[in-house]
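*Asks:* fold the stuff below for me.
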Amino acid sequence: MLSNSRSPIGIFDSGVGGISVLRAVINQMPAESAIYFGDQAHIPYGLRAMEQIRNFSEAITGFLLAQDTKIIVVACNTASAAALKHLREKFPNMQFVGMEPAVKPAAEYTHTGRVGVLATPATFQGAMYASVVERFANGVELFQSTCPGLVRQIEQGKLEGEETRRILEEALLPMLENQIDTVVLGCTHYPFVIPLIQQIVGDNVRVIDPAPAVARQTERLLEARGMRTPSRSKGEVKFYTSGDPGALTSLLPMLVGENAEVEKAEWLNDRQITSTHGY
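*Replies:* Have a look, this model is predicted:
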């Protein structure tokens, strides 16, 4: 199939985290339709080998292309670090938007010169993060935390509560002692706990969610190619998961503010996906 202006935007992540990006895309471009793929059978990506993440990302891209997507947002910092370059080489006719830790705006904003970064181990170890730090963080001291267990809490819909607060306090309180005034969210899951993060760090610390900037970049690329949906009506979103559709369905009212059906997608192996659409 050949994509056109009415084709959907493809968005994928290892789990529900990319829904924070989907939410920003919908807010930015409400007329656009989207297909969201959450690879919950393989979560978390952050502890997996880079080659395996590339294989997963390539297969999911093929799945989304088979459904006529016009642009693909890799709404996962880990997958962006591991696979974005590979995907652009493998699929040269498709435009991809990836996630990049928002170190640049943090470095521009900070007054203390001290910035906290919350991300997965794979993101911190990736070449993309190292490049961003080298280019934009000169003269800025970065305090990093991988927030062990936080992705799992968010996947279970535990956006507040004692355990989620404990994980965040263990990450953030030492940073506050070091006088950070900015926190970068380097994982797409983390925006769902911004209210709790803000409670812990207070009003004088800025929390940077990269999702709105990713949505704006997606809009710019579509505009440049004349691929924006002309209709003023509200777009539709289809959800797929390789995990439990029922579990994701129950989380959607909390994560996107409305109910939606979720279809099951099955992995045949690391490189092939099948679904009710028969891809």
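*Asks:* check contacts around P230.
*Replies:* Counting by C-beta atoms under 8 Å, 6 or more residues apart in numbering, P230 makes contact with S5, A31. C-beta coordinates here come from the backbone N, C-alpha and C atoms, glycine included.
*Asks:* same question for L168.
*Replies:* So, once contact is read as C-beta under 8 Å, 6+ apart, L168 ends up touching C147, L150, V193, L196, I197, I200.
*Asks:* try 7 Å
*Replies:* Neighbouring residues of L168 by C-beta atoms under 7 Å, 6 or more residues apart in numbering: C147, V193, L196, I197, I200.
*Asks:* tell me how far the first one lies from H42.
*Replies:* Distance of C147 to H42, computed by C-beta to C-beta, to the nearest Å: 19 Å.
*Asks:* pull the residues that contact whatever helix or strand F63 lives in.
*Replies:* F63 is located in helix 50-65, with elements delineated by DSSP states H and E. Counting by C-beta under 7 Å, 6+ apart, helix 50-65 makes contact with 10, 12, 35, 37, 39, 42, 45, 72, 74, 78-79, 82-83, 86-87, 90-91, 94, 265, 270-273, 279, all of which sit outside it.
*Asks:* helices or strands next to whichever helix or strand comes after that helix in the packing?
*Replies:* Read in the C-terminal direction, the helix or strand following helix 50-65 is strand 71-74, with elements assigned using DSSP H and E. Contacts of strand 71-74 with other secondary structure elements, assessed using 3 or more C-beta pairs under 7 Å, 6 or more residues apart in numbering; DSSP states H and E, are made with strand 9-13, helix 50-65, strand 96-97, helix 211-224.
*Asks:* and with 8 Å instead?
*Replies:* Contact here means 3 or more C-beta pairs under 8 Å, 6 or more residues apart in numbering; DSSP states H and E; on that basis strand 71-74 packs against strand 9-13, helix 50-65, helix 77-90, strand 96-97, helix 211-224.
*Asks:* give the partner strands of it in its sheet and their orientations.
*Replies:* When pairs are called by DSSP bridges, strand 71-74 turns out to pair with strand 9-13 (parallel), strand 96-97 (parallel).
*Asks:* so which residues make contact with that strand?
*Replies:* Counting by C-beta under 8 Å, 6+ apart, residues outside strand 71-74 touching it are 9-12, 18, 21, 25, 57, 61, 64-65, 80, 83-84, 87, 94-99, 214, 218, 221-222, 227.
*Asks:* 6 Å instead?
*Replies:* Surrounding strand 71-74, the residues in contact under the criterion C-beta atoms under 6 Å, 6 or more residues apart in numbering are I9, G10, I11, L64, S80, L84, Q95, F96, V97, G98, T218.
*Asks:* contacts only, for L248.
*Replies:* Contacts for L248 (C-beta under 6 Å, 6+ apart) come out as T241, V262.
*Asks:* higher neighbour count, C147 and H42?
*Replies:* C147 (21 against 18; other C-beta atoms under 10 Å).
*Asks:* and the more buried one, that one's in a helix?
*Replies:* No: counting by DSSP: H, G, I helix; E, B strand; the rest coil, C147 is located in no helix; its state is coil.
*Asks:* what ranges does the stretch 101-250 of the chain have for its helices?
*Replies:* For the stretch 101-250 of the chain, applying DSSP state H, counting those that start in this stretch gives helices covering 103-109, 121-125, 127-136, 150-155, 162-177, 194-201, 211-224, 245-256.
*Asks:* could you export the last one as PDB, CA atoms only?
*Replies:* If I follow you right, that is helix 245-256. This file holds the C-alpha atoms of helix 245-256, laid out as PDB (Å, rounded to 0.1, in the frame of the first residue of the first chain):
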ATOM      1  CA  PRO A 245      -4.800  -6.900  25.600                       C
ATOM      2  CA  GLY A 246      -7.100  -6.900  28.600                       C
ATOM      3  CA  ALA A 247      -4.400  -5.400  30.800                       C
ATOM      4  CA  LEU A 248      -3.600  -2.600  28.400                       C
ATOM      5  CA  THR A 249      -7.300  -1.900  27.800                       C
ATOM      6  CA  SER A 250      -7.800  -1.400  31.500                       C
ATOM      7  CA  LEU A 251      -5.000   1.100  31.600                       C
ATOM      8  CA  LEU A 252      -6.000   3.300  28.700                       C
ATOM      9  CA  PRO A 253      -8.600   5.400  30.600                       C
ATOM     10  CA  MET A 254      -5.800   6.400  33.000                       C
ATOM     11  CA  LEU A 255      -3.200   6.900  30.300                       C
ATOM     12  CA  VAL A 256      -5.100   8.600  27.500                       C
END
